[in-house]
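A.B. asks: model the structure of this input:
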Amino acid sequence: MEGVEETLRTLSIARRLRPEEPAYLLDVALQPAASARGSALAVTCSDLSLHLHDNQTLALLGRYQGHTDTLCGVAFAHASPDVLFSASADGTVRVWDARQPGAYAVRVLTSDASHRYCSFDRSCDDRLLCAGTEQVDEEDSFLVFWDARVAGTKEAQGTGVLGVYSESHSDDVTQVRFHPSSKDRLASGSTDGLVNLFDLSRGSEDEALLATCNSGSSASTVVWAGEELTRILCLTHDEGLHLWDIGRLDTDEPLTVHSVGDARQLSPPGGGGASVDYLVGGMWLEDARRLVVVGGASGGTLHLMECDDKGLRLLSSLQGGHTSTVRCFLWDAVEEALFTGGEDGQLLLWKPGGEELTPGKRETMKSDSVLKLRSRPHKRHGHERRGGGGGGGGGERNSAQSL
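C.D. replies: Numbering: from 1, shown residues only. Purely as a prediction, here's the structure:
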């Protein structure tokens, strides 16, 4: 872990890209390094565009247009690095050719006309696509699946939908995350407070649902983590943090590894009084076997914190970068580089010992961006949560069950 700590501790800005036109940066994805052209970085923006950047210089390679509402996810195919997916509240998942930035979508995937997507992912073998919808008719929300090999083609029937889960969530499905190495495992999180674990190989929705954990709040982020990738990190829209070990499902041990209702009340050990005003997300560092949670302070500082059974411990604080809320980040393990983007419209590349080529920083655009309304936060509901609380020790045993 000392090597990772040293790497994270010495991160500094190597490149900074300021946009010509202000837009929030919402999500980021890295192209697999399987192309002679090198890797590209895909970034979704609040102006409904999708940008492609060089991952070394951050130079803009091109942009895609086509979505008509807020983008909710972007990802490259694992085995086909030139295949790029994006999903949107306009009810479409679009497939792009990364070799032709600026071109029209190669395929457009849809489902029911009432569906507005607010989360998206693809399986580790690239065969399945899944999008989570916003709430429909005040009580229903859906997980929609497509077979990526035929969806949107002549071989697909109707909209090309392979199947739909409709009973597991009752509000916006804010996160869908396929397991990094098990093609049939899927975790979903929702503003109904529930995080569900599925084994898609079991067929029907009832049979596929393996476990339900309750965060007690609106789930914003779900991350697979742990030595055997059996732990699930859940962050909530009110800055709560929960770490569950689903490897304990068949034991009498409590699923909760660590839980805190409001991380803003914490001062991470070793942080010298560092404040955490919001949580951005989490990342599992496979080589280091460590779970890192990224949090931010109102002044623009980013905190990288290790999360384990003992709670949060500050690893590094990154300063001098963003001037407003950070919305997205991505760790490139090969290059030992961190990419971050946020509401100030800046895209930053951090590297150990990096020296910024373009000094200075853009003033915050948080208060005067006319585009902020297009990137609305998920609503929070006060209705009764199913399955009890997700708090301490064994509290979730009643809300996490093997089916």
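
A.B. asks: what's the local residue count around Asp309?
C.D. replies: Neighbours of Asp309 under the rule other C-beta atoms under 10 Å: 8. Glycine gets a C-beta too; all of them are placed from N, C-alpha and C.

A.B. asks: change the start of the numbering to 26 and stick with it
C.D. replies: All set: I'll call the first residue 26, so the last point we hit is now Asp334.

A.B. asks: what about the spatially closest residue to it that is not a sequence neighbour, how many neighbours?
C.D. replies: Of all residues not flanking Asp334 in the chain, Val282 sits nearest, at 5.4 Å (C-beta to C-beta, 6 or more residues apart in numbering). Val282 has 22 neighbours, counted by other C-beta under 10 Å.

A.B. asks: can you tell me the element Val282 falls in?
C.D. replies: Assigned by DSSP states H and E, Val282 falls within strand 281-285.

A.B. asks: what packs against that strand?
C.D. replies: strand 266-270, strand 327-333, strand 336-343 (3 or more C-beta pairs under 8 Å, 6 or more residues apart in numbering; DSSP states H and E).

A.B. asks: could you tell me the average pLDDT over the helix or strand that it is followed by, please?
C.D. replies: Per DSSP H and E, strand 281-285 leads on to strand 303-310 as the next helix or strand towards the C-terminus. Averaging pLDDT along strand 303-310 gives 97.

A.B. asks: can you list the neighbours in contact with the longest helix belonging to the chain?
C.D. replies: When the chain is parsed with DSSP state H, its longest helix is helix 27-34. Helix 27-34 is contacted by residues 310, 312-313, 315, 317, 329, 340-341, 361, 377 when judged by C-beta atoms under 8 Å, 6 or more residues apart in numbering.

A.B. asks: tell me the buried residues in that helix?
C.D. replies: Buried residues in helix 27-34, counting neighbours by 16 or more other C-beta atoms under 10 Å, are found at 29-30, 32-33.

A.B. asks: any idea how far that helix is from the chain center?
C.D. replies: Distance of helix 27-34 from the chain centroid (C-alpha atoms, centre = their mean, to the nearest Å) equals 24 Å.

A.B. asks: strands paired with the next helix-or-strand element following it, and their directions?
C.D. replies: Remark: after helix 27-34, the chain's next helix or strand is strand 36-42, criterion DSSP H and E. Neighbouring strands of strand 36-42 in its sheet, by DSSP bridges, are strand 372-377 (antiparallel).

A.B. asks: got the contact list for the strand it pairs with?
C.D. replies: Contacts of strand 372-377 (C-beta under 8 Å, 6+ apart): 31-32, 35-42, 44, 50, 53, 66, 68, 78, 80, 83, 343, 346-347, 360-366.

A.B. asks: pull the CA atoms of that strand into PDB?
C.D. replies: Extracted in PDB, the C-alpha atoms of strand 372-377 (Å, rounded to 0.1, in the frame of the first residue of the first chain):
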ATOM      1  CA  LEU A 372     -11.200  18.600 -17.200                       C
ATOM      2  CA  LEU A 373      -8.100  17.900 -15.200                       C
ATOM      3  CA  LEU A 374      -5.300  15.300 -15.600                       C
ATOM      4  CA  TRP A 375      -3.400  14.600 -12.300                       C
ATOM      5  CA  LYS A 376      -0.100  12.600 -12.300                       C
ATOM      6  CA  PRO A 377       2.600  12.000  -9.800                       C
END
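
A.B. asks: buried residues in it, which are they?
C.D. replies: Judged by neighbour count using 16+ other C-beta under 10 Å, the buried positions of strand 372-377 are 372-376.

A.B. asks: check the offset of it from the chain's centre.
C.D. replies: Distance, centroid of strand 372-377 to centroid of chain: 19 Å (C-alpha atoms, centre = their mean).

A.B. asks: what's the mean pLDDT across that strand?
C.D. replies: On average, strand 372-377 scores 97.

A.B. asks: got it, and stretch 323-341?
C.D. replies: 91.

A.B. asks: quick one: the residue nearest to Asp334 and Asp270 touch, right?
C.D. replies: Yes: with contact defined as C-beta atoms under 8 Å, Val282 reaches Asp270; the gap is 5.2 Å.

A.B. asks: what do those two both touch?
C.D. replies: Arg256.

A.B. asks: sorry, back to before: rebuild the buried residues of strand 372-377 as TSV, extending it with distance to Tyr89.
C.D. replies: Listed next are the buried residues of strand 372-377 as TSV, based on distance: C-beta to C-beta, whole Å:
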residue	distance to Tyr89
Leu372	16
Leu373	22
Leu374	21
Trp375	26
Lys376	27
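
A.B. asks: of the residues you listed, which is the nearest to Ala173?
C.D. replies: Checking those against Ala173 by C-beta to C-beta gives Leu372 as the nearest, at 28.0 Å.

A.B. asks: got the contact list for the nearest residue to that closest one once chain neighbours are set aside?
C.D. replies: Once flanking residues are discounted, Leu372 sits nearest to Leu42: 4.3 Å by C-beta to C-beta, 6+ apart. Residues in contact with Leu42 (C-beta under 8 Å, 6+ apart) are 78, 83-85, 371-373.

A.B. asks: and the longest helix of the chain, C-alpha only, in CSV?
C.D. replies: Taking Å, rounded to 0.1, in the frame of the first residue of the first chain, the C-alpha atoms of helix 27-34 are listed here in CSV:
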residue,chain,number,x,y,z
GLU,A,27,3.0,2.3,0.6
GLY,A,28,3.5,2.6,-3.2
VAL,A,29,-0.1,3.5,-3.8
GLU,A,30,0.0,6.1,-1.0
GLU,A,31,3.1,7.6,-2.4
THR,A,32,1.5,7.8,-5.9
LEU,A,33,-1.7,9.4,-4.7
ARG,A,34,0.2,11.7,-2.3
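
A.B. asks: ok so, going back, for the strand holding Val282, give the mean pLDDT please.
C.D. replies: Mean pLDDT, computed over strand 281-285, is 95.

A.B. asks: just checking: what are the partner strands of it?
C.D. replies: Strand 281-285 has its sheet partners listed here by DSSP bridges as strand 266-270 (antiparallel).

A.B. asks: could you give the angle of the partner strand to strand 327-333?
C.D. replies: 30 degrees (axes from the mean of the first three to the mean of the last three C-alpha atoms, to 10 degrees).

A.B. asks: contacting residues around strand 266-270?
C.D. replies: The contact list for strand 266-270 (C-beta under 8 Å, 6+ apart) reads 220, 238, 240, 250-251, 255-261, 278, 280-285, 288, 304, 316, 318, 332-333, 337, 415, 421, 425.
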